[in-house]
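Undergrad: Turn this into a structure:
(chains A and B)
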Amino acid sequence: MTASIETSSTSMDTADSAEDTAEYALRLGDDALILAQRMGEWVSNAPELEEDVALANIGLDLLGQARSLLTYAGSYLGKSEDELAYFRDDSEFRCAHLMATPRGDFAVAIARMLIVAGYQWELYARLAESNDDTLASIATKAVKEVAYHFQHAEMWTLRLGDGTDESHRRIQQALDDLWPLVDELFRTDDVEQRLSAKGIAVDSAALKAPFMDAIAPVLTEATLTVPTAPPSAGGGRHGKPSEYLGHLLAEMQVLARQHPGASW
Amino acid sequence: MPQRAPQAASRPQTFRSPIARNKPPVQFTGPNAESIAEIAGSVPDPELPMVSLMNLGVLRAVDVNEASGAITVTITPTYSGCPAMNSMADDIVTKLHDAGHPDVTVHKVLGGDWSSDDLTTTGRQALRESGIAPPTARSTDPNAGSVPVLCPQCGAQNTEQLSPFGATSCKALYRCLACREPFEYFKIH
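TA: Here you go, the predicted structure:
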């Protein structure tokens, strides 16, 4: 990653909130970066060529969002996007556990895309109104991209859920397996509350109901059941990473760490 | 040929952009900024070479420093992950160097919020002539999802989407059910 897109100047009242804003941008950026890496694992592994292309494009959108968000976080932390992506260890990442969960089968990819795009759409549609100009610009662009991700996941959820017995079983299993990780996306904390009081961040807890309103009808139409599994402990936002994140980072970071500063 | 969900073709777009757009016009400041913008804007998109950056709508500002003659060109990406941005910037610098302007900087900003609405009429026509269907409606049109994508080869309305993602971020894969030709569609964004 080189020559990132510049972020515009931010509003005045963010000066007091620099540390919180950096933390918040890291959370959103890490979610996008780690899921982009998982999407990249699908290249040449998808069930058909069109899906190779689709999953790679969705990963590319997420990577672009991640670059803008990490560049912005880095502007407060005195680090480049590359330093943040390649030279932090797993406990320094701030992504939700759902993002790092292994690739799984195609049903897992679709179920996760439905959940994450549904969440990100609700988030970015609101963050586009942020008092922080940079976050608002990033969200304004991202919301249109994740709308296409959601539509794609929706189409496949219907096709798999209302398809064969086997495709139905697999997508229901994927939803059941991922569901305990969903709640973490909608947990708010002090950082987020301080920022949302200033109109900078979006309170994640407020996104849960609209998210369910978007997801539930899709699952019903796909003849699937909304899972009821209890939430897992999470902790990805606070330095307790998914057990799978370290393995993902080992692959994602190895080149940059073996050849620091290399370019071509 | 992959099977497709019967609902998919006729389903309305679930989500539209909730954001009202207020696109600022291209800003020219300093001596000869407009003629320099003409040169910079004539650079072709590296992935859609039939469309110039000006006609794609990604060129946002040209500033010429009156004292030093230093040129700053501002461009904005189509999609967040657009991998063509660096190559666009390099091409602008080269083109302006060739035109006798040694001091050129390209700024890439997000604030311009590009939309497919920014494609010019010339740009749309160039896409169509190259076999790529241009966007069917404005990004804020509530009925955008139900406007048929016309086949750029034969003009038929009877087309279907094969995949919402194509060879670049901005395109989807379609085929015409009248002339049977596959084609690319520049998505509403």
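
Undergrad: Export only the CA atoms of stretch B:144-155, formatted as CSV.
TA: Extracted C-alpha coordinates of stretch B:144-155, given in CSV (Å, rounded to 0.1, in the frame of the first residue of the first chain):
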residue,chain,number,x,y,z
ALA,B,144,-33.3,3.4,-10.4
GLY,B,145,-33.6,-0.4,-9.8
SER,B,146,-36.5,-0.8,-12.2
VAL,B,147,-35.1,1.1,-15.2
PRO,B,148,-34.0,-1.5,-17.8
VAL,B,149,-30.3,-1.7,-18.8
LEU,B,150,-30.3,-1.4,-22.6
CYS,B,151,-28.0,-3.6,-24.6
PRO,B,152,-25.2,-1.4,-26.0
GLN,B,153,-25.0,-3.7,-29.1
CYS,B,154,-28.6,-3.9,-30.3
GLY,B,155,-30.5,-1.5,-28.0
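
Undergrad: any low-confidence regions in chain A?
TA: A:1-15 (pLDDT under 70).

Undergrad: Can you find the residue of it that comes nearest to chain B?
TA: Residue nearest to chain B within chain A: residue A:64 (2.7 Å; C-beta to the nearest C-beta). No exception for glycine: its C-beta is placed from N, CA and C like everyone else's.

Undergrad: helix or strand right after the helix or strand harbouring that residue?
TA: Per DSSP states H and E, residue A:64 falls inside helix A:49-77. The first helix or strand that comes after helix A:49-77 along the chain, using DSSP H and E, is helix A:81-86.

Undergrad: What are the contacting residues of that next one?
TA: A:1-2, A:4, A:26, A:29, A:33, A:66-67, A:70-71, A:73-74, A:77, A:252-253, A:256-257 (C-beta atoms under 8 Å, 6 or more residues apart in numbering or on different chains).

Undergrad: what packs against the helix ranked longest in chain B?
TA: In chain B, assigned by DSSP state H, the helix with the most residues is helix B:85-98. Contacts defined by 3 or more C-beta pairs under 8 Å, 6 or more residues apart in numbering or on different chains; DSSP states H and E place helix B:85-98 against helix B:33-41, strand B:71-75, strand B:104-108.

Undergrad: show me where chain B has helices.
TA: Using DSSP H, helices in chain B cover B:6-10, B:33-41, B:53-56, B:85-98, B:121-129.

Undergrad: Please identify the most buried of the ones you listed.
TA: Sort the helices of chain B by mean neighbour count, taking mean count of other C-beta atoms under 10 Å in any protein chain shown, and helix B:53-56 sits at the top with a mean of 23.

Undergrad: Do it and chain A come into contact?
TA: No: if you take C-beta under 8 Å from any C-beta of the partner chain as the test, helix B:53-56 misses chain A, and the best it gets is 15.5 Å.

Undergrad: So what touches that helix?
TA: Residues from elsewhere that reach helix B:53-56 (C-beta under 8 Å, 6+ apart): B:37-38, B:40-45, B:48, B:59, B:75, B:78, B:88, B:92, B:118-120, B:122-123, B:126.

Undergrad: State the mean pLDDT of it.
TA: Helix B:53-56 comes out with an average pLDDT of 94.

Undergrad: ok so, going back, test my guess that the residue of chain A closest to chain B contacts residue B:84.
TA: No: judged on C-beta atoms under 8 Å, residue A:64 makes no contact with residue B:84 at a distance of 11.5 Å.

Undergrad: Look at those two and report which has more neighbours.
TA: residue A:64 (27 against 21; other C-beta atoms under 10 Å in any protein chain shown).

Undergrad: Contact partners for the residue lying closest to residue B:153 once chain neighbours are set aside?
TA: Counting by C-beta to C-beta, 6 or more residues apart in numbering or on different chains, residue B:153 lies nearest to residue B:181, which is 4.8 Å off, once chain neighbours are set aside. Neighbouring residues of residue B:181 by C-beta under 8 Å, 6+ apart: B:151, B:153, B:154, B:175.

Undergrad: Next one, pLDDT for residue B:181 please.
TA: 95.

Undergrad: Quick check: it vs chain A, distance?
TA: 17 Å (C-beta to the nearest C-beta, to the nearest Å).

Undergrad: Residue B:175 versus that residue, what's the distance?
TA: 7 Å (C-beta to C-beta, to the nearest Å).

Undergrad: Against residue B:45, how distant is the nearest residue to residue B:42 once chain neighbours are set aside?
TA: Closest residue to residue B:42 apart from its sequence neighbours, by C-beta to C-beta, 6+ apart: residue B:52 at 5.3 Å. In this view, residue B:52 and residue B:45 are 7 Å apart by C-beta to C-beta.

Undergrad: Also residue A:85?
TA: Distance from residue A:85 to residue B:45, counting by C-beta to C-beta: 27 Å.

Undergrad: Repeat that for residue B:109.
TA: For residue B:109, the distance to residue B:45 - C-beta to C-beta - is 18 Å.

Undergrad: got the residues of the stretch 151-264 of chain A near chain B?
TA: Selection of the stretch 151-264 of chain A residues close to chain B by C-beta under 8 Å from any C-beta yields A:151, A:152, A:154, A:155, A:158, A:159, A:162, A:214.

Undergrad: Give the buried subset of those as a ChimeraX selection command.
TA: ChimeraX command restricting those to the buried ones, with burial defined by 16 or more other C-beta atoms under 10 Å in any protein chain shown:
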select /A:151,152,154,155,158,159,162,214
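
Undergrad: Same list, the helices and strands packed on helix B:85-98, but as TSV with distance to chain A please.
TA: Putting the helices and strands packed on helix B:85-98 into TSV (distance: least, C-beta to the nearest C-beta, whole Å) gives the following:
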stretch	distance to chain A
helix B:33-41	17
strand B:71-75	9
strand B:104-108	4
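
Undergrad: Can you check which of the ones you listed gets nearest to residue A:106?
TA: Distance to residue A:106, taken as C-beta to C-beta, is lowest for strand B:104-108 among the helices and strands packed on helix B:85-98, at 35.0 Å.

Undergrad: Report the contact partners of the residue nearest to residue B:128 when sequence neighbours are not counted.
TA: Spatial nearest neighbour of residue B:128, excluding adjacent residues (C-beta to C-beta, 6+ apart): residue B:152 at 5.0 Å. Neighbour list for residue B:152: B:127, B:128, B:129, B:131, B:132, B:133, B:183 [criterion: C-beta under 8 Å, 6+ apart].

Undergrad: with these in mind, which one is nearest to residue A:54?
TA: residue B:183 (17.4 Å).

Undergrad: ok, what's across the strand from the closest one?
TA: residue B:174 (DSSP bridges).

Undergrad: roughly how far apart are the most centrally placed residue in chain B and chain A?
TA: For chain B, the residue nearest the mean C-alpha position is residue B:56 (4.0 Å; C-alpha atoms, centre = their mean). Applying C-beta to the nearest C-beta, the value for residue B:56 to chain A is 16 Å.
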